[in-house]
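Trainee: Can you look at this prediction? I've put the sequence above it.
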Amino acid sequence: MADSTTSRVSFTLDSSLDSVNKIELTAEQCAQRAGFDEDTIPNIAMAVREAAVNAVLHGNSYDTSKHITASFETTAEALTIRIADQGPGLDPETLPDPLKPENILRGSGRGIFLIKAFMDEVNFRQLHPGTELTLIKHRKPAQSGT
């Protein structure tokens, strides 16, 4: 049986920036309800926004016939967010290192780097078609759901 700190929400959305905004807002609300502090909440929201932008822009290429899915699960241990697209798939090993000198001035390419910096765990799963990103932020023992 789930304890009182467990909650889940999920939805399927169009490949649009409005969807990205909804996912980011939901992440912020879930992080607040999970008891994360005021410094951590914006970092979680930014990581989730980056993942959603990647799904809409790079995964689905703004294709209106493709959707993104987002799910949010809060347990006593962690906040887990999954974002999936219906694109061609992504191999994270092929992404350029944004810290290399030749990439420092590039206008893009830092999303996955930021996601990994702000979250405790980041996992990629190929869906054929599509990619699912799982972002996990562990809750500290002192945190409790409200």
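Mentor: Alright, I've got the coordinates.

Trainee: immediately after the lowest-mean-pLDDT helix or strand in the chain, which helix or strand?
Mentor: Using mean pLDDT, DSSP states H and E, the weakest-scoring helix or strand in the chain turns out to be helix 111-118, at a mean of 90. Under the assignment DSSP states H and E, the closest C-terminal helix or strand after helix 111-118 is strand 121-126.

Trainee: Show me what the next helix-or-strand element following that next one is packed against.
Mentor: Downstream of strand 121-126, the first helix or strand assigned by DSSP H and E is strand 131-138. Counting contacts by 3 or more C-beta pairs under 8 Å, 6 or more residues apart in numbering; DSSP states H and E, strand 131-138 packs against helix 40-53, strand 78-84, helix 111-118, strand 121-126. From N, CA and C alone the C-beta is placed, and that goes for glycine too.

Trainee: Touching the last one from outside, list them.
Mentor: In other words, strand 121-126. Gly89, Leu90, Pro92, Ile112, Ile115, Lys116, Thr131, Glu132, Leu133, Thr134, Leu135, Ile136 (C-beta atoms under 8 Å, 6 or more residues apart in numbering).

Trainee: Could you give me the buried positions within that strand?
Mentor: Judged by neighbour count using 16 or more other C-beta atoms under 10 Å, the buried positions of strand 121-126 are Val122.

Trainee: Provide the angle between the direction of that strand and the direction of helix 111-118.
Mentor: Relative orientation of strand 121-126 versus helix 111-118 (axes from the mean of the first three to the mean of the last three C-alpha atoms, to 10 degrees): 140 degrees.

Trainee: What strands flank strand 121-126, and is each parallel or antiparallel?
Mentor: Next to strand 121-126 in the sheet, as set by DSSP bridges, lie strand 131-138 (antiparallel).

Trainee: Give me the most central residue, this structure.
Mentor: The residue lying closest to the centre of the chain (C-alpha atoms, centre = their mean) is Val48, at 3.2 Å.

Trainee: who's in contact with that residue?
Mentor: Counting by C-beta under 8 Å, 6+ apart, Val48 has contacts Ile23, Glu24, Ala27, Ile81, Ile83, Leu135.
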